[in-house]
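K.L.:
predicted model and sequence follow; I will ask about them next.
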Amino acid sequence: MAATNFGTEQIPLLASADMIGIATATLMTIVNQVSGTPYVTGGDSPRGTDCSGLASWVANAATGRPIYGDRFHTANEESALLARGFKYGTAPGALVIGWNGHHTAVTLPDGTPVSSGEGGGVKVGGGGAYQHQFTRHMYLPVEAVDGPAPEDAPPPPPFDPFAPPPPPADVANAGFVAPAPPEDIPALAPELVPAPDLAPPPPVV
């Protein structure tokens with residue numbers, strides 16, 4: 001992510017390699033799902049989008065919003081990014097978005113550029129957020145992408161977007177406590193004794 005500040009306060013930010021890797025893998029999963037789709041002006045679906053649509057999708061995914069249906073464009077990009085918690089400027093290991101009046105592009109936390117409209121539709125590549133043409137930059141700290149790590153927490157394992165999901169929790173038995181057996185258990189009924197065989201009736205004369 002690029003260095004940036006919130007309002008006028010410059011905030012340098014360093015993030016751990018593990019968190020940068022997790023944030024990048026999460027966002028790359030989104031980009032890869034739509035990579036190769038055509039440039040569609042105003043597009044906001046997996047069938048394609050334009051430069052600001054892709055920036056919207058990445059910003060939405062990074063801030064926990066629905067990816068589609070909440071896009072911005074270069075004219076309102078500043079206010080939209082502020083509403084999503086972005087800060088002005090750039091920072092190492094942050095999600096950075098650069099733009100001007102007619103184009104925008106993204107650099108992921110590990111430095112990977114992603115774009116739409118730079119030689120085709122959505123793709124991993126392009127000039128990224130640090131192009132000379134961009135006069136505006138904002139960034140999202142990587143902690144905001146994945147949430148702050150608790151103090152003294154061990155580093156998270158590497159993120160694998162293709163790992164199988166964990167087994168489902170046993171919802172039916174969650175929190176189930178077996179009842180204690182009753183203290184006074186009644187005695188079992190005595191076994192029934194079969195009735196004695198009856199003598200056959202006397203013959204009829």
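P.N.:
Done, it's in.
K.L.:
what about the helices in the chain?
P.N.:
For the chain, the helices defined by DSSP state H occupy 17-34, 51-62, 77-83, 142-146.
K.L.:
tell me which of those helices sits most buried.
P.N.:
Greatest average neighbour count among those goes to helix 51-62 (a mean of 25), per mean count of other C-beta atoms under 10 Å. For the C-beta atoms, the positions are set from N, CA and C on the backbone; glycine is no exception.
K.L.:
alpha carbons only: can I get it in CSV?
P.N.:
Presented in CSV, the C-alpha positions along helix 51-62 are these (Å, rounded to 0.1, in the frame of the first residue of the first chain):
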residue,chain,number,x,y,z
CYS,A,51,-10.8,1.6,-14.1
SER,A,52,-12.8,3.1,-11.3
GLY,A,53,-15.0,0.0,-11.1
LEU,A,54,-12.0,-2.2,-10.4
ALA,A,55,-10.6,0.3,-7.8
SER,A,56,-14.1,0.3,-6.2
TRP,A,57,-14.2,-3.5,-6.0
VAL,A,58,-10.7,-3.7,-4.4
ALA,A,59,-11.5,-0.9,-2.0
ASN,A,60,-14.9,-2.6,-1.1
ALA,A,61,-13.3,-6.0,-0.6
ALA,A,62,-10.6,-4.5,1.6
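K.L.:
which residues does S115 bridge with?
P.N.:
On the basis of DSSP bridges, S115 is bridged to K123.
K.L.:
related to what we said a few turns ago, nearest to P201, out of the helices of the chain?
P.N.:
Smallest distance to P201 across those (C-beta to C-beta): 89.4 Å, for helix 17-34.
K.L.:
and that closest one, average pLDDT?
P.N.:
For helix 17-34, mean pLDDT is 79.
K.L.:
same deal with stretch 49-68?
P.N.:
Mean pLDDT, stretch 49-68: 95.
K.L.:
about what we covered before: among the helices of the chain, which is nearest A91?
P.N.:
helix 142-146 (8.9 Å).
K.L.:
what's around V204, how many residues?
P.N.:
Neighbour count of V204, defined by other C-beta atoms under 10 Å: 4.
K.L.:
for T135, same thing?
P.N.:
Considering only other C-beta under 10 Å, T135 is surrounded by 9 other residues.
K.L.:
mind listing what the closest residue to A61 other than its chain neighbours touches?
P.N.:
Nearest residue to A61, sequence neighbours excluded (C-beta to C-beta, 6 or more residues apart in numbering): I30, at 4.8 Å. Contact partners of I30, counting by C-beta atoms under 8 Å, 6 or more residues apart in numbering, are 57-58, 61, 67.
K.L.:
circling back to that earlier point, dump the helices of the chain into a markdown table; add distance to G117 as well.
P.N.:
Converted to a markdown table, the helices of the chain look like this (distance: least, C-beta to C-beta, whole Å):
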| stretch | distance to G117 |
| --- | --- |
| helix 17-34 | 13 |
| helix 51-62 | 4 |
| helix 77-83 | 15 |
| helix 142-146 | 24 |
